[in-house]
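Chemist: just to be clear, the model below is a prediction. Sequence and coordinates:
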Amino acid sequence: MERISAHQFTTLGAAVLLGTTFLPVASIVALVGGRDGWMSVMPGFALGIPYSLMVLSLMNYYPRKNLLQISEEAFGRWIGKLIGIIYLLCAIYLGGLLLGQVGDIYQTSIMPLTPLWIFFLGGIILVLYLTRSGIEVFGRFSEITFPLIVVAILLNVGLSIPRIEQGELLPILGEGLLPIFKGSLKVIPFVMTYMLFLAGVIAYLPTDKKAIGQLKTGAWKIIFWAGMLDTLIALIQMLVFGPSETIRLVYGLLALGKMVEVSRTVSGVESLFLGVWFAAAVIKIGSLLFVAIWGLESVFGLKGVKWQHLTAIIFLGIAFKNVRAPSLITEIGLIDEYLIMPFVSLWIPVLWGVTRWKRGAGN
Amino acid sequence: MDVFSLEEESGCLMKSCREKYMTGLMIICLFLILSISGCWGKREVEDLAPLMGIGFDLGEKPGTYLITQQYAKTKKGGNSGAETEERTLGAEASSVREAFDIVSKAAYRTPFMGSLKVIVIGEDVAKAGGFNNMLDFAQRFAEFRRSMYLVIARGKAEDVLNLKLRSEQLPALYIRSIIEGGNELSAFPMVRLGHYLTVLGTESTAPILPVVEAVKDGEGIHYKAEKSDEAGEIRIEGAGVLNGDQLVDFLNDEETKGYMWLEDDVSNRLINTVDLKESNVKFSGQVLKSSTRYKVKTDGENFGLNYQVRTSIAIDEVLGLDRQLSGTDWIELVKEAEGSFAKVIQQECESAIKKQRELGFDFLGVGRHIEQRNPRYWKNLKERWKQEVSDFPVSFDIKVTVHNTGMSSSSATNSGGEGQD
């Protein structure tokens, strides 16, 4: 069975968590948190730490098993299967929608006349190629691309500093702590989507004592890096656009990329940023394809290349079904908030609690 | 033996199938990468007409706008590839897209919006209001950038963009150059589309745009005009205060300069005390640096905003000094100069505040400053801010430091006293 190292787990986890979240995060937190919305990213992401530690502690009890297999053991076969089906549905539907979003981003911003199927097909073939190559290759791919994604984001943020508007950040905490709390609730779905991946990838993680310690540190690092980058993105958008524009802009980071000018010589560098972000989208969709494959295997025992292809085709079908950008973006928000978040936020603690209780009773 | 060879054979077959499959995938990926390079939307640079400026005036038919588009065309026989000549076309339409559609039928190149530098809003459109509808295309269509500049034209935008400038530059590029060189003057605001939209999003602040005008010979500037009744120069002076997207009034030069101090938007300024009556000796100088901070002051019941302006100036010119001064006298005179400069700055700030009170629109962002410094008080005030804006107490604390007086101390005088009073 394949294995990924603790370092690969950290970069892969951070890349999956960051995924495509850096595009809507500023708008989402500003909508509920106003000027202070940017401060709600880290508290929201921080919830990922106890969840990650719970998953990793379950891995201790059931080495080489994913959470679906553990659920079947803990809750019984049928409840386990039911959980697996919900897990599968979440992954397939969100994966398809995110594939659709890739097309929307590129068509809206730099290639308005290129047909959507080019982006869909290009994206899904790359994702399929990576998933067929296995989790180890996927991990190595993230080790190479994640630093590039980080550099592209930092460059975009840094080069936007000359566009900062005076005093847009003030007053800080003018409305108290409530907006931060509300904003945090809005970013929790991002963390829960990452948990879907973590629930499956644990079967491929090393289980020796030293590695467990490294994985726990990695879990902290994942949350910290992805949270910090998303915070930085939300902050720069607030500083440049102010709250009402941050809310209004569909892809604020792309608008920032378009505003980057170095003297009069360098401008229009958003295409370069978008090239790197394609890798982020591929990692995110790839992670959901992995989730779907693990789900099929655990729930229905369906293994093999043909099921991977079939899942990829379903992704494509969902992307083609959702070509209206406003509905697509709303749909992603709804799935995140009303399906994935409640499901994962209940599933993992209950599973952890039941397992601990059973272990305690057994002793 | 047979079993082993069969297993080996099937293993080889699987391996070869896998290799073929991966090769096939690679070929498809390569094909898609080539397709993504832009076959569908590909446009050669030579086929593009870069849009440099766009102007909005009211159309003759109700609900329409005269939309003037200024494109750059490489000058044939120019000394360098960067030399351009203008190609300005206008169309009356009810939407900007429609105007581009009309113009595209006459243009032999495809308009490219990504190069747009300046949007000129005609006075009639600004006064009528509703030009945000015209800006929607510029902030929505992905080719545009939010970094383009917005100006209001005195008169028609079409006339400004159609000017034959003595410098032979495109009016749109000329306006861009004046704006970008504006830091050295800090006499008018630099407003990009992004900034305008951000200010529009704040409920309490009224947006402000710089005013561009065609200048004929003798209208403040003297030059040798080719035709006496035609303007050959462009100037940016003053600003227009907007209520939403409707022009309320113009600010004169002094009021605009006051706005610049209060907005902490002064980098370098040329400043003189010539109009001050209190002193016989007049000074001119350049602002080296300046910062404006503000505080919400309260005595428990009443609130007020206090602006603190701190400015460093280098004296470039001393007028009316008719005798050589001793070292200590020169120091005293420099201190006097600091006071005189501070008075000029205060006059400019006061005239901006006075205008704000007259208009009843908070273009100085006083409300936002209160919100930033005292959000709790702002919560009580914001509902009645429109009524309060004209009376809200504002005070100034201006300190000027003269850093140097140029290459000499006292001015050159006739030592014998001849020719001196």
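Modeler: Received the coordinates, thanks.

Chemist: which residue does chain A have closest to chain B?
Modeler: Going by C-beta to the nearest C-beta, chain B is nearest to A:S244 of chain A, at 2.9 Å. For glycine as for every other residue, the C-beta is placed from the backbone atoms N, C-alpha and C.

Chemist: identify the residue spatially nearest to that residue, adjacent ones excluded.
Modeler: B:G201 (2.9 Å; C-beta to C-beta, 6 or more residues apart in numbering or on different chains).

Chemist: got a list of what the one you found touches?
Modeler: Neighbouring residues of B:G201 by C-beta atoms under 8 Å, 6 or more residues apart in numbering or on different chains: A:G242, A:P243, A:S244, A:E245, A:R248.

Chemist: would you mind listing what in the stretch 101-250 of chain A touches chain B?
Modeler: A:108-115, A:118-119, A:121-122, A:125-126, A:128-129, A:163, A:165-168, A:170-171, A:174-175, A:240-245, A:248 (C-beta under 8 Å from any C-beta of the partner chain).

Chemist: how about the stretch 251-363 of chain A?
Modeler: A:A255, A:K258, A:M259, A:E261, A:S267, A:G268.

Chemist: which among these gets closest to B:F363?
Modeler: A:M259 (24.2 Å; C-beta to C-beta).

Chemist: give me the domain ranges for chain B.
Modeler: B:43-251, B:256-421 (automatic domain parsing).

Chemist: among the residues of the stretch 251-363 of chain A next to chain B, name the ones in strands.
Modeler: A:E261, A:S267 (DSSP state E).

Chemist: among the residues of the stretch 251-363 of chain A next to chain B, which ones are buried?
Modeler: Buried members of those, scored by 16 or more other C-beta atoms under 10 Å in any protein chain shown, are A:A255, A:K258, A:M259, A:E261, A:S267.

Chemist: what's the closest non-adjacent residue to A:V269?
Modeler: Nearest one to A:V269, counting by C-beta to C-beta, 6+ apart, is A:V260 at 5.3 Å.

Chemist: actually A:V25, sorry about that
Modeler: A:V25's closest residue in space is A:D230 (C-beta to C-beta, 6+ apart), at 4.7 Å.

Chemist: mind putting the contacts of B:G201 into JSON lines with neighbour count?
Modeler: Output for those, formatted as JSON lines (neighbours: other C-beta atoms under 10 Å in any protein chain shown):
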{"residue": "A:G242", "neighbour count": "24"}
{"residue": "A:P243", "neighbour count": "22"}
{"residue": "A:S244", "neighbour count": "17"}
{"residue": "A:E245", "neighbour count": "25"}
{"residue": "A:R248", "neighbour count": "16"}
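
Chemist: and which of these is nearest to B:T401?
Modeler: Looking across the contacts of B:G201 and measuring by C-beta to C-beta, the closest to B:T401 is A:G242, at 33.6 Å.

Chemist: pretty sure the closest one sits against A:G167.
Modeler: No - using C-beta atoms under 8 Å, A:G242 is not in contact with A:G167, being 9.5 Å away.

Chemist: which residues in chain B form helices?
Modeler: For chain B, the helices defined by DSSP state H cover B:2-36, B:96-106, B:123-128, B:132-140, B:157-161, B:171-180, B:193-201, B:253-262, B:327-359, B:366-373, B:375-381, B:385-388.

Chemist: that's a helix at A:Y87, yeah?
Modeler: Yes - counting by DSSP: H, G, I helix; E, B strand; the rest coil, A:Y87 is located in a helix.

Chemist: got the contact list for it?
Modeler: Counting by C-beta under 8 Å, 6+ apart, A:Y87 has contacts A:L68, A:L196, A:A199, A:V291, A:G295, A:V299, A:F343.

Chemist: how about A:G200?
Modeler: Per C-beta under 8 Å, 6+ apart, neighbours of A:G200: A:N66, A:L67, A:L68, A:F290, A:V291, A:W294, A:G295.

Chemist: which of these fall in helices?
Modeler: Those of the contacts of A:G200 lying in helices (DSSP H): A:L67, A:L68, A:F290, A:V291, A:W294, A:G295.

Chemist: can you tell me, leaving aside adjacent residues, what's nearest to the first one?
Modeler: With sequence-adjacent residues excluded and distances taken as C-beta to C-beta, 6+ apart, A:L67 is closest to A:A199, at 3.7 Å.

Chemist: and A:T311, by the same measure?
Modeler: A:A292 (4.8 Å).

Chemist: what's the answer for A:A91, then?
Modeler: A:V291 is the one closest to A:A91 (C-beta to C-beta, 6+ apart), at 3.8 Å.

Chemist: what does stretch B:238-249 rub up against?
Modeler: Taking contacts as C-beta under 8 Å, 6+ apart, the residues outside stretch B:238-249 that touch it are B:123, B:126-132, B:135, B:152, B:188-189, B:200, B:206-211, B:250-253, B:255-256, B:259, B:355, B:359, B:361, B:363.

Chemist: and for stretch A:261-268?
Modeler: Against stretch A:261-268 from outside (C-beta under 8 Å, 6+ apart): A:L159, A:K258, A:V260, B:G114, B:R145, B:S147.

Chemist: follow-up on the earlier one: of the contacts of stretch B:238-249, keep whichever come out buried.
Modeler: B:123, B:126, B:131, B:135, B:152, B:188-189, B:200, B:206-211, B:250-251, B:253, B:255-256, B:259, B:355, B:359, B:361, B:363.

Chemist: which parts of the stretch 51-200 of chain B sit against chain A?
Modeler: Counting by C-beta under 8 Å from any C-beta, the stretch 51-200 of chain B sits next to chain A at B:G114, B:A142, B:R145, B:R146, B:S147, B:G194, B:H195, B:L197, B:T198, B:L200.

Chemist: follow-up on the earlier one: quick one: the residue nearest to A:A91 from A:Q214, how far?
Modeler: To A:Q214, A:V291 is 23 Å away according to C-beta to C-beta, to the nearest Å.

Chemist: quick one: which of the two has more around it?
Modeler: Set A:V291 next to A:Q214 and count neighbours by other C-beta atoms under 10 Å in any protein chain shown: A:V291 wins out with 28 against 17.

Chemist: and the residue of the stretch 51-200 of chain B found nearest chain A, how many neighbours does it have?
Modeler: Proximity of the stretch 51-200 of chain B to chain A (C-beta to the nearest C-beta) peaks at B:T198, 4.2 Å away. A count of nearby residues for B:T198, using other C-beta under 10 Å, gives 22.

Chemist: thought it was touching A:L239?
Modeler: No - applying C-beta under 8 Å, one finds B:T198 not in contact with A:L239, separated by 10.2 Å.

Chemist: can you work out which residues contact both of the two?
Modeler: A:E165, A:E168.

Chemist: if we can go back for a sec, how about a markdown table for the buried ones among the residues of the stretch 251-363 of chain A next to chain B, with distance to B:D101 and pLDDT added?
Modeler: Formatted as a markdown table, these follow (distance: C-beta to C-beta, whole Å; pLDDT from 0 to 100):
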| residue | distance to B:D101 | pLDDT |
| --- | --- | --- |
| A:A255 | 25 | 90 |
| A:K258 | 24 | 87 |
| A:M259 | 27 | 87 |
| A:E261 | 29 | 81 |
| A:S267 | 27 | 73 |
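
Chemist: quick one: name the residues of the stretch 301-421 of chain B near chain A.
Modeler: Going by C-beta under 8 Å from any C-beta, the residues of the stretch 301-421 of chain B near chain A are B:R368, B:H369, B:E371, B:Q372, B:R373, B:P375, B:W378.

Chemist: please redo it, this time with the cut-off set to 7 Å
Modeler: B:R368, B:E371, B:Q372, B:P375 (C-beta under 7 Å from any C-beta of the partner chain).

Chemist: isn't the third one right up against A:G167?
Modeler: Yes - B:Q372 lies in contact with A:G167 (C-beta atoms under 7 Å); the separation is 5.4 Å.
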